[in-house]
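Engineer: What would the 3D arrangement of this be:
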Amino acid sequence: MCLPLMGLVFGTAVTNAQCTAVDSFSENFDAYSCCNMGVVPTCWNSILLNGASQIISSSQPASGTSQIYQNGYGAGKISIVIMPPITNINAGTHRLRVKMKANSAGYLELGYIKDPADANTFFVITPITITNSSYDGTSERTFTIPTTVPDGARLAIRNPGTSFAGHYWDDAVWEPIPNLGTKDIALSKVDIYPNPFNDVLNISDIKDVQTITISDAIGRLIKTIEKPETKLPLNDLQKGIYFVTLNYKNGNDKSLKVIKN
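Structural biologist: Presented below is the predicted three-dimensional model:
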């Protein structure tokens, strides 16, 4: 059950009671029903800014009867759904798995938030482009989380208000990363070199890599490279530590830490 809304300067936040952090969760939202604004499961939170919409929707969910819906375009109409506190957010042992769809070309962001009542403490881990309008074979996404995410932060999904789409997601699971299978073993042999590097980073094998994302040391997305090649020109980066994530066409991803001289 959700507690009364708490006022923010530019919107509202639903802040549920403090809950004990867990090491895994599975949520299909079926204990909640349409259509009050800002409703999220117990131990989750929601932030709505400038008239953005976030409800529980019953419009053809991936399973059961309910799912999350986020909408809002322009003028800072931002919605953030914040997941429950977890003990191992930065352990590198677990992943987030979730099914997503949008009623037109959609865009969300997976990230973390330091203060569940302050939208300004949200940091992007990776962008999420959604082109499927139904829950089909492409709707399930899996995300690994950088080990640089600070202790006490919460995973969150933000609609930044840059798409007219209505975004739906369901069956959110925080789970152990499965044991390496044959395909994963092959992925683990990919090398990125030299490390440290100056201006160009080389990748030994980009077969089946769809995109590459570059994040800084605290997990903020710096750039996304579509159709990458084996040589990545990164002379525009400042000196420091970065995470290079290879996003494969089959939904797997692999993150490696690199240092820019």
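Engineer: C-alpha only now, for contacts and for neighbours.
Structural biologist: Noted.
Engineer: The closest residue to residue 166 other than its chain neighbours and residue 97, how far apart?
Structural biologist: For residue 166, ignoring the flanking residues on the chain, the nearest one in space by C-alpha to C-alpha, 6 or more residues apart in numbering is residue 71 at 4.9 Å. Residue 71 is 21 Å from residue 97, where distance means C-alpha to C-alpha, to the nearest Å.
Engineer: quick one: which of these two has more around it?
Structural biologist: residue 71 (24 against 17; other C-alpha atoms under 10 Å).
Engineer: picking that back up, okay, the residue nearest to residue 166: pLDDT?
Structural biologist: Note for residue 71: predicted pLDDT of 95.
Engineer: what sits against it?
Structural biologist: Going by C-alpha atoms under 8 Å, 6 or more residues apart in numbering, residue 71 touches 52, 53, 54, 79, 159, 161, 164, 165, 166, 167.
Engineer: what's the answer for residue 90, then?
Structural biologist: Counted by C-alpha under 8 Å, 6+ apart, residue 90 has contacts 145, 146, 147, 148, 149, 150, 151.
Engineer: wait, isn't the second one in contact with residue 93?
Structural biologist: Think residue 146. No. Residue 146 lies out of contact with residue 93 (C-alpha atoms under 8 Å); the separation is 10.3 Å.
Engineer: The residue most central in space within the chain sits in which helix or strand?
Structural biologist: Geometric centre of the chain, nearest residue: residue 110, 2.0 Å, by C-alpha atoms, centre = their mean. Here residue 110 sits within strand 106-113, counting by DSSP states H and E.
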